[in-house]
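1. here you go, sequence then predicted model.
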Amino acid sequence: MKVGIFSDAHKVGAEAARIVIEAMNGATIRNLGVATGSTPLNLYAELRKAHEEGTFSLADARAFALDEYVNVPEDHPERYRNVLRTELVGDDKTGLKDENLFTPDGNDSDSLVAADRHDAAIRDNGGVELQILGIGSNGHIGFNEPGTALTSRTHVDVLTRQTREDNARFFDDDISKVPTHCITQGLGTIMDARSILLIATGSAKKEAVKELVEGAVSSFWPATILQMHPNVTVLVDKAAAELLTRTDFYKDRWETL
Ligand code: PGA
């Protein structure tokens, strides 16, 4: 695991974009795993800028979402398919085509089948080259909440109260409007990606980042499974890095490798 510590969220976004552009421009299988939430927004803005400047395009790529809420109306702006459309789809964004954006169908009458279908779509299209991840304040990645099996595949789950409180800002600050269920790539599914880029900014993430980088592998801090992956880059700002203890070494490795 490589850990890069930057002064602020904008610098994190710029470095994340550099990594995504380099990885995707050099990839044979142009499949990008995409995250939602606030954290990747700077990164997506940088990718749109690079697309506008002609140095990056997802026109011939596929994007696979990490997760989706269950039973959010098709036209709701916080439905993750719609969030990702707004950020990435179209020639005025990154060139990604809507038919190449794969999201779990949270409105399928059978969510279990929809979950299996998303897992199969990733596999059948050759797997994910680079998976972008955020991290929840409780250490979730995707919507794999504490206690999720470390080997899980894409599945239906219940959101913790913590996650629903964290996400209430997207639903008029009203937790009763935040969905209770989700479909999420499993931890095993995420671990199949050939490389992983996790971004975390802000002090609300400092405990989760400490566990991710320096804690013991445990399903109670689901992101810690990434310690078992051979190609993970973690980008954090100073606030999210506050509890890390080996920062001198992370800096040496970052600058030397
Ligand atoms: P955030 O969410 O980027 O909105 O903080 C991250 C996550 O829950 O994975």
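-> Structure received.

2. any idea how far residue 202 is from whichever residue of the stretch 101-250 of the chain sits closest to the ligand?
-> At 3.2 Å from the ligand, residue 134 is the closest residue in the stretch 101-250 of the chain, using C-beta to the nearest ligand atom. C-beta here means a position set from N, CA and C on the backbone, and glycine is covered the same way. Using C-beta to C-beta, to the nearest Å, we find residue 134 at a distance of 11 Å from residue 202.

3. between those two, who's got more neighbours?
-> More crowded of residue 134 and residue 202, by other C-beta atoms under 10 Å: residue 134, with 21 against 14.

4. circling back: burial count for the closest residue to the residue of the stretch 101-250 of the chain closest to the ligand other than its chain neighbours?
-> Leaving aside its sequence neighbours, residue 134 sits nearest to residue 39 (C-beta to C-beta, 6 or more residues apart in numbering; 4.0 Å). Residue 39 has 24 neighbours, counted by other C-beta under 10 Å.

5. show me what from the chain comes close to the ligand.
-> Applying C-beta under 6 Å from any ligand atom, we find that the chain lies next to the ligand at 37, 38, 39, 134, 135, 136.

6. tell me who's in contact with the closest residue to the second one other than its chain neighbours.
-> What it means is residue 38. Among residues not flanking residue 38 along the chain, residue 134 sits closest, at 7.9 Å (C-beta to C-beta, 6+ apart). Counting by C-beta atoms under 8 Å, 6 or more residues apart in numbering, residue 134 makes contact with 35, 36, 37, 38, 39, 40, 141, 198, 199, 200.

7. and residue 44, what does it touch?
-> 87, 88, 94.

8. residue 179 and residue 38, how far apart?
-> With C-beta to C-beta as the criterion, residue 179 and residue 38 are 17 Å apart.

9. over to the residue nearest to residue 134. Which of the three states is it?
-> coil (DSSP: H, G, I helix; E, B strand; the rest coil).

10. residue contacts, it?
-> By C-beta under 8 Å, 6+ apart, the contact list for residue 39 reads 134, 135, 199, 200, 201.

11. just grab the bridge partners of the third one for me.
-> In this structure, residue 199 has beta-bridge partners residue 235, where bridges are defined by DSSP bridges.

12. next, count neighbours for it.
-> Going by other C-beta under 10 Å, the residues that sit close to residue 199 add up to 28.

13. list the residues that contact it.
-> Taking C-beta under 8 Å, 6+ apart as the test, what residue 199 contacts is 12, 13, 16, 39, 40, 43, 132, 133, 134, 234, 235, 236.

14. okay, the fourth one: pLDDT?
-> Residue 39 carries a pLDDT score of 97 in this model.

15. could we number from 859 for the rest of this?
-> Got it, first residue is 859 now, which makes that one residue 897.

16. phi, psi of it?
-> Main-chain dihedrals, residue 897, degrees, to the nearest 10: phi -60, psi -40.

17. test my guess that residue 1073 contacts residue 1080.
-> No - counting by C-beta atoms under 8 Å, residue 1073 stays clear of residue 1080, with 11.3 Å between them.

18. more neighbours: which of those two?
-> Each of residue 1073 and residue 1080 has its neighbours counted (other C-beta under 10 Å); residue 1080 has more, 31 against 17.

19. excluding chain neighbours, what is closest to the more buried one?
-> Nearest to residue 1080 is residue 1002, by C-beta to C-beta, 6+ apart, at 4.5 Å.

20. which strand residues bridge that neighbour?
-> residue 999.

21. burial of it, as a residue count?
-> 29.

22. now for the residue nearest to residue 1056 when sequence neighbours are not counted: which residues touch it?
-> In this structure, residue 1056 finds its nearest non-sequential neighbour in residue 991, 4.3 Å apart by C-beta to C-beta, 6+ apart. Shown in contact with residue 991 (C-beta under 8 Å, 6+ apart): 891, 893, 924, 999, 1000, 1048, 1054, 1055, 1056, 1057, 1081.
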